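S.K.: Would you be able to build a 3D model of this:
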Amino acid sequence: MTDEPPPSPADRPALRLIETELEPAGLSKAFARATQPALAAEALHRLIGQKDREHFAALLLNARHEITHAHIISSGTLTSSMVHPREVFKAAVLANAAAIIIGHNHPSGTLLPSPADGEVAERLQAAGELLGIAVLDSIIVGPGLRYFATSHGEERPLPQATPPRGRAPPRDAAALAEACRGLMDDIHEVLELQGEDWWDETVTAGLANRTRAEELLELDPYEPLTDLGAPQVREEAARFEHLIPHAMRGAIPALYATEEQEDPMVHVKLFTPWTQWSWYVTEFDGEQTCFGLVDGFEAELGYFDLEEIAGVEGPAGLRIERDEHFRPRRLSEVRRGLLPAPEPDGPTG
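M.R.: This next block holds a predicted model:
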């Protein structure tokens, strides 16, 4: 017999899983936020992108989508890694995570997800819904400078693929070519939304530089989508137009842009015609995620998703609407308007 006390539960290896903090994982504070798939993909690329075996990892996020932990869950062979929901969410629960982003690497460099990848992502998403820990995205990275995100449904270049302004371009010719291809993808996306006429009226050089870049990069010349595809692009661009019109989006600060302001501006009010719920937008990521004041059971600041809001249906098919009579005002003014009216004074003798 020994008088030594039993080991503390905190010394168990399983409870040290979440000690993979940002710095020890090789990630810097520059990746402290994952407000867009590209930022999460860059963090995962730094973490597992260059591995010669497939690794499965998770970024654990708090309520403001700040990365608190980066956890490598499993490693496998050249083509697969084993992962079980309990291993993924064990770390998430211990880290008190509000949401996670899952990801793995393809050492081959081929980023398209396999059927097995899709099944794993769906299984983890279902488990997250039961636990109340949302799986925000599933990302695939490789040794190159591109990534695949389920939220996009396609490959895209990593942010680091574009040389930062004011710095020398990368000496690696392959990296430079990859960055230029990513830039051309962006240009083609703009052309689909704005049209060739807009390009000719706006760009002084016309087609000269664009054509030269396509030749040097050995890209096929840009061609507009067919009549079948073009409406799909226009429909994508018009998503949530009834909630936040494109004409208003440029005036709304990006996510985190007002976090240092004590009294930011509220730019948009959304409301349910059949209840007292309202959403007041102070920040917007340009796509579908908003931050602001949510007035429901109680008034509190938080994130809300336009896709979820657009999917809500009330009695007789009613939908959540934008208050067209609302004008931008300070958050403090909105809060004052939500306070209950004071009780009238009683009769005086």
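
S.K.: pretty sure residue 263 is in a strand, no?
M.R.: No. Looking at residue 263 with DSSP: H, G, I helix; E, B strand; the rest coil, it is coil, so not inside a strand.

S.K.: what about it, distance to residue 293?
M.R.: Distance, residue 263 to residue 293, by C-beta to C-beta, to the nearest Å: 12 Å. (Glycine included, C-beta is placed from N, CA and C.)

S.K.: Which stretches in the stretch 151-300 of the chain count as strands?
M.R.: 154-157, 265-266, 268-271, 278-284, 289-295, 299-305 (DSSP state E, counting those that start in this stretch).

S.K.: Point out the other helices and strands that the fifth one packs with.
M.R.: Using 3 or more C-beta pairs under 8 Å, 6 or more residues apart in numbering; DSSP states H and E as the contact criterion, the secondary-structure elements in contact with strand 289-295 are strand 278-284, strand 299-305, helix 331-338.

S.K.: Show me how far it is from its chain's centre.
M.R.: Chain-centre distance of strand 289-295: 16 Å, with C-alpha atoms, centre = their mean, to the nearest Å.

S.K.: residues contacting residue 281?
M.R.: Counting by C-beta atoms under 8 Å, 6 or more residues apart in numbering, residue 281 touches 244, 252, 266-270, 290-292.

S.K.: For residue 263 and residue 293, indicate the residue with more neighbours.
M.R.: Per other C-beta atoms under 10 Å, whichever of residue 263 and residue 293 has more neighbours is residue 293, with 21 against 11.

S.K.: Find the nearest non-adjacent residue to the residue most central in space within the chain, please.
M.R.: In the chain, the residue lying closest to the centroid (C-alpha atoms, centre = their mean) is residue 36, at 3.1 Å. Nearest non-adjacent residue to residue 36, counting by C-beta to C-beta, 6 or more residues apart in numbering: residue 285, 6.7 Å away.

S.K.: was I right about the one you found contacting residue 38?
M.R.: No. Residue 285 is beyond contact range of residue 38, at 11.5 Å (criterion: C-beta atoms under 8 Å).

S.K.: about what we covered before: could you dump the helices and strands packed on strand 289-295 to JSON lines with distance to residue 103?
M.R.: Shown next, in JSON lines, are those (distance: least, C-beta to C-beta, whole Å):
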{"stretch": "strand 278-284", "distance to residue 103": "25"}
{"stretch": "strand 299-305", "distance to residue 103": "21"}
{"stretch": "helix 331-338", "distance to residue 103": "35"}
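
S.K.: out of the ones you listed, which comes closest to residue 218?
M.R.: Relative to residue 218, the nearest member of these by C-beta to C-beta is strand 278-284, separated by 38.0 Å.

S.K.: What pairs with the closest one, parallel or antiparallel?
M.R.: strand 268-271 (antiparallel), strand 289-295 (antiparallel) (DSSP bridges).

S.K.: most residues in a single helix of the protein, which one?
M.R.: Longest helix in the chain, counting residues (DSSP state H): helix 173-194.

S.K.: Identify the contacts common to residue 263 and residue 293.
M.R.: Common neighbours of residue 263 and residue 293 (C-beta under 8 Å, 6+ apart) are residue 331.
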